[in-house]
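Engineer: Return atomic coordinates for the entry below.
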Amino acid sequence: MKSNLLSNINNPADLRLLLEAQLPEVAQELRQFIIDVVSVKEGHLGSSLGVIELTIALHYVFNTPEDLLVWDVGHQAYGHKILTERRENFHTNRQIDGISGFPKRSESVYDTFGVGHSSTSISAALGMAIASQLKGDYDKQHIAVIGDASIASGMAFEGLNHAGVTDANVLVILNDNAIGIDPSVGALKKYLTAVKNGKNPRQNNMIKSLNFDYSGPIDGHDLPALIKELKRLKNIKGPKFLHIVTTKGKGLQQAEENQVKYHAPGKFDASTGEIHLKFEENLPPKYQDVFGLTILDLARKNDKIIGITPAMPSGSSLKFMMDEIPERAFDVGIAEQHAVTLAAGMATQGMIVYCNIYSTFLQRAYDQVIHDVALQNLPVIFCLDRAGLVGEDGATHHGVFDIAYLRAIPNMIIYAPLNEIALQNILYTAQLGLNHPIAIRYPRGRGVIPNWEVENFGHYQEIKIGEAHLLKEGTKIAVLSTGTIANNVTLAINETRNPEAIAHYDFPFIKPLDINLLNQIFSAFDTIITIEDGTINGGFGSGVLEFAASKNFRNKVRILGVPDVFIEHGSVSQLQQLCKIDVKSLINLFSNETK
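Structural biologist: Here you go, the predicted model:
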């Protein structure tokens, strides 16, 4: 009878009781366990399959959790979670009230640092190592595992630069698989490829020149070699760097052959790897595709249009333009700060730049937005994909802060389209010539108009900056919404007892607000309700309240949105319900307000 070693491993201490010769069997079982669960529950697949041997070796050689292990980004940490007391709960991964899809300090002592955004691991591990030194602990190990896409980011270089002038006991492990979510790009990737191919002389090693003890590259799927090298490095003091080469999706043929698709493939057949087809005929488009197809169409007609994305060509759908007009569409790697200032530089020369960055990742370039773009009033067009609640990725990825953090910046226009047509029209309007930078925020997922491309594509209409619209007349209360959350409002009004009592206004421009229409609304209604899929603090509703205070209006104003807490993971509908901005919650609210 075939043994099942994994079922007896509840923590790394159990793992260390095994003979080294048994570990390949553990790797096989761990890989299959992840495939079996993710095939049904969904999640990040390829990244975790690629580091199974490394995960086992790290927990076998090092005394975790006393030795501190930091995973960069963290979507590759499924094996780590399963080996660290969460095997029985792994089926709840990314589900509401379940375990997080990323390492999280409040979840486990083995999760030493909360991650989700890239390139933080080296700085965090170095901080831990210096703290250990200051406390007189010179034996504790501090390990950062970082991918070749993440290490190309500026922050990773800042961490390397500092670590190289310390004697801190830190080990940086480069998991080199030549891909992040999309294939890695840039000169550093070419350098690493040369190193892997033996074409770069060791005396030219850039890591060694930063004062690291460099070893590798070695096969990251060779468990005996990994264990031997990690044991050696464990006894070397100071900053160390181990370069390992792995295959993303290792152990599942389709995941190895199509690494982009199997990064997070959805549900699939665990035995064959075949992705379950979703019925997508006659469905509304994804907002990312509305962006991608529209900018391609506009770029064909206007040779000044440029597209930029930091490492998200597939996720943003800029790939359509990259495939057809590669000389004007740029993937700059995981480098949001660079992306923003690169766009600013291009804008000074009269180019029309669409800088597509997920809302949560633009947070990483806040100073560049202020200092390099807005202060100089450069008309960069920020396209903020994944704005609002994004679902199962959770607190690290929700795009709920952008309204608040952008609204404070002078010169900035902020627009949230009602639907796909509005998104197309603002993308068209922006390239006609704006006097200010603009941020266009739109959500993850699908729109609401199934036949949008057949009926509307290419038939653009210019949008008047700062104009809001009445969607539905009413007699008693006014609901002011911004962005696609308006669709929840419309559905709720249709289901409420007194729909004729509710007026509904669409405020796509959060900045500048339509002051004339606000004056009319506050003069006509005693009760005003604002709703947004961003933070209540500092958001659209706050802007409406600021207007009311400036005009001495005394109306009752109720602000709906994301409360002042970090929202965890779950489906978008579950999280909207948590925030009381789902259809059912709105029906109850409207019914009570119109009694």
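
Engineer: Low-confidence regions, the chain specifically.
Structural biologist: Per-residue confidence for the chain (pLDDT under 70) gives these ranges: 1-3, 180, 201-203, 454-456.

Engineer: could you point out the longest helix in it?
Structural biologist: When every helix of the chain is counted residue by residue (DSSP state H), the longest turns out to be helix 23-41.

Engineer: Need the residues that contact the helix or strand following it.
Structural biologist: If you walk from helix 23-41 toward the C-terminus, the next helix or strand you reach (DSSP states H and E) is helix 46-50. By C-beta atoms under 8 Å, 6 or more residues apart in numbering, the surrounding residues in contact with helix 46-50 are 31, 34-35, 73, 75-79, 175, 177, 220, 246-252, 255, 259, 262-263. C-beta here means a position set from N, CA and C on the backbone, and glycine is covered the same way.

Engineer: on that earlier part again, counting contacts, what elements does the longest helix of the chain pack onto?
Structural biologist: helix 46-50, helix 52-61, helix 78-81, helix 223-234 (3 or more C-beta pairs under 8 Å, 6 or more residues apart in numbering; DSSP states H and E).

Engineer: Just checking: what are the partner strands of the next helix or strand after the second one?
Structural biologist: Tracing the chain C-terminally past helix 52-61 and defining elements by DSSP H and E, one meets strand 68-71 next. According to DSSP bridges, strand 68-71 forms sheet pairs with strand 142-147 (parallel).

Engineer: Between strand 142-147 and the helix or strand following the partner strand, find me the angle.
Structural biologist: Moving toward the C-terminus from strand 142-147, the next helix or strand (DSSP H and E) is helix 154-163. Using axes from the mean of the first three to the mean of the last three C-alpha atoms, to 10 degrees, the direction of helix 154-163 lies 150 degrees away from that of strand 142-147.

Engineer: sorry, back to before: buried residues in the longest helix of the chain?
Structural biologist: Using 16 or more other C-beta atoms under 10 Å as the burial criterion, the residues of helix 23-41 that qualify are 23, 26-27, 29-31, 33-35, 37-39, 41.

Engineer: What of stretch 56-76?
Structural biologist: The neighbour-count check on stretch 56-76 (16+ other C-beta under 10 Å) flags 56-62, 64-65, 67-76 as buried.

Engineer: Next: stretch 445-453.
Structural biologist: Within stretch 445-453, the residues scored as buried using 16+ other C-beta under 10 Å are 446-447, 452-453.

Engineer: ok, longest strand in the chain?
Structural biologist: Ranked by residue count under DSSP state E, the longest strand found in the chain is strand 527-535.

Engineer: Going by distance to residue 329, which of the buried residues of helix 23-41 wins?
Structural biologist: For the buried residues of helix 23-41, the residue nearest residue 329 by C-beta to C-beta is residue 38; the value is 31.7 Å.

Engineer: hmm, back to that, send me the longest strand of the chain as CSV with only the CA atoms.
Structural biologist: Coordinates of each C-alpha in strand 527-535 appear next as CSV, following Å, rounded to 0.1, in the frame of the first residue of the first chain:
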residue,chain,number,x,y,z
THR,A,527,-32.3,63.3,2.1
ILE,A,528,-29.3,62.5,0.0
ILE,A,529,-27.6,59.2,-0.1
THR,A,530,-24.1,58.8,-1.7
ILE,A,531,-22.7,55.4,-2.7
GLU,A,532,-19.3,54.3,-4.0
ASP,A,533,-17.1,51.2,-4.1
GLY,A,534,-14.3,53.0,-2.3
THR,A,535,-13.5,54.1,1.2
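
Engineer: distance of residue 345 from residue 308?
Structural biologist: Here the distance between residue 345 and residue 308 works out to 11 Å (C-beta to C-beta, to the nearest Å).

Engineer: Of those two, give the one with the bigger neighbour count.
Structural biologist: Taking other C-beta atoms under 10 Å, residue 345 and residue 308 do not tie; residue 308 has more neighbours (24 against 13).

Engineer: so that one makes contact with residue 347?
Structural biologist: No: with contact taken as C-beta atoms under 8 Å, residue 308 and residue 347 are classed as non-touching, separated by 10.9 Å.

Engineer: what touches both of the two?
Structural biologist: Shared contacts of residue 308 and residue 347, defined by C-beta under 8 Å, 6+ apart, comprise residue 353.

Engineer: For residue 404, give me its contacts.
Structural biologist: By C-beta under 8 Å, 6+ apart, the contact set of residue 404 is 534-535, 537-539, 542.

Engineer: Actually, residue 274.
Structural biologist: Residues in contact with residue 274, defined by C-beta under 8 Å, 6+ apart, are 254, 268.

Engineer: and if you look at residue 354?
Structural biologist: 295, 305-308, 381, 383, 427, 430.

Engineer: Direction included, what does the helix or strand containing it pair against?
Structural biologist: Taking DSSP H and E as the criterion, the element that holds residue 354 is strand 352-356. Here strand 352-356 is paired, per DSSP bridges, with strand 305-309 (parallel), strand 381-384 (parallel).
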